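Trainee: Sequence and predicted structure, then a few things I'm wondering about:
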Amino acid sequence: MKCPFCGFDDSKVVDSRPTDEGTSIRRRRECLKCLKRFTTYETVERMPLMLVKRDGTRQAYDRQKLLGGLMKATGVAHSARANRR
Ligand SMILES: [Zn+2]
């Protein structure tokens, strides 16, 4: 984290505590160069719903794609079409 005062890019955390809501962490940092203190907040990045595939790779959840894959796998789409005839 760059120091907002001198731009030095190394600092140490002197205090770390959750905010009132508990959704983020407030850190007091001290610049290793100019020794001035500043505050940073650490929050969770809201990730899209991820699917973990069988081979361990992750993929953003895509309902349409998932549904299509299921239909193909079970043969539902094909038999439904055949029954209509
Ligand atoms: Zn500094």
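Mentor: Arrived safely, thanks for sending. All values reported here derive from a predicted model rather than from experimental measurement.
Trainee: Low-confidence regions, the protein specifically.
Mentor: 47, 61-64, 66, 76-85 (pLDDT under 70).
Trainee: Write out the residues of it neighbouring the ion.
Mentor: Neighbours of the ion within the chain, by CB under 5 Å from the ion: 3, 5-6, 8, 31, 33-34. Bear in mind the C-beta positions are built from the backbone N, C-alpha and C, glycine included.
Trainee: Of those residues, grab the buried ones for PyMOL.
Mentor: Buried residues among the residues of the chain next to the ion (16 or more other CB atoms under 10 Å), as a PyMOL selection:
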select buried, resi 3+31
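Trainee: Quickly name whichever of the residues of the chain next to the ion is closest to Y41.
Mentor: C3 (16.1 Å; CB to CB).
Trainee: Run through the residues that contact the closest residue to that closest one other than its chain neighbours.
Mentor: In space, not counting the residues next to it along the chain, C3 is nearest to C31; the distance is 3.9 Å by CB to CB, 6 or more residues apart in numbering. Each residue near C31 by CB atoms under 8 Å, 6 or more residues apart in numbering is listed here: 3, 5-6, 8, 10-11, 37-38.
Trainee: what does E30 give?
Mentor: Here E30 is in contact with 11-12, 14, 36-37 (CB under 8 Å, 6+ apart).
Trainee: can we see that at 6 Å?
Mentor: By CB atoms under 6 Å, 6 or more residues apart in numbering, the contact set of E30 is 12, 14, 37.
Trainee: so who does R54 touch?
Mentor: R54 neighbours (CB under 6 Å, 6+ apart): none.
Trainee: what's the helix or strand for it?
Mentor: For R54, there is no host helix or strand (DSSP states H and E).
Trainee: G68 too?
Mentor: helix 63-74.
Trainee: Check which residues of that helix are buried.
Mentor: Under 16+ other CB under 10 Å, helix 63-74 has no buried positions.
Trainee: C-alpha coordinates for it, PDB please?
Mentor: Provided in PDB are the C-alpha atoms of helix 63-74 (Å, rounded to 0.1, in the frame of the first residue of the first chain):
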ATOM      1  CA  ARG A  63     -27.700 -20.600 -15.700                       C
ATOM      2  CA  GLN A  64     -28.500 -20.900 -19.400                       C
ATOM      3  CA  LYS A  65     -25.300 -22.800 -20.200                       C
ATOM      4  CA  LEU A  66     -25.800 -25.100 -17.200                       C
ATOM      5  CA  LEU A  67     -29.400 -25.900 -18.200                       C
ATOM      6  CA  GLY A  68     -28.300 -26.600 -21.800                       C
ATOM      7  CA  GLY A  69     -25.600 -28.900 -20.500                       C
ATOM      8  CA  LEU A  70     -28.000 -30.700 -18.300                       C
ATOM      9  CA  MET A  71     -30.500 -31.200 -21.100                       C
ATOM     10  CA  LYS A  72     -27.800 -32.500 -23.400                       C
ATOM     11  CA  ALA A  73     -26.500 -34.800 -20.700                       C
ATOM     12  CA  THR A  74     -29.900 -36.300 -19.800                       C
END
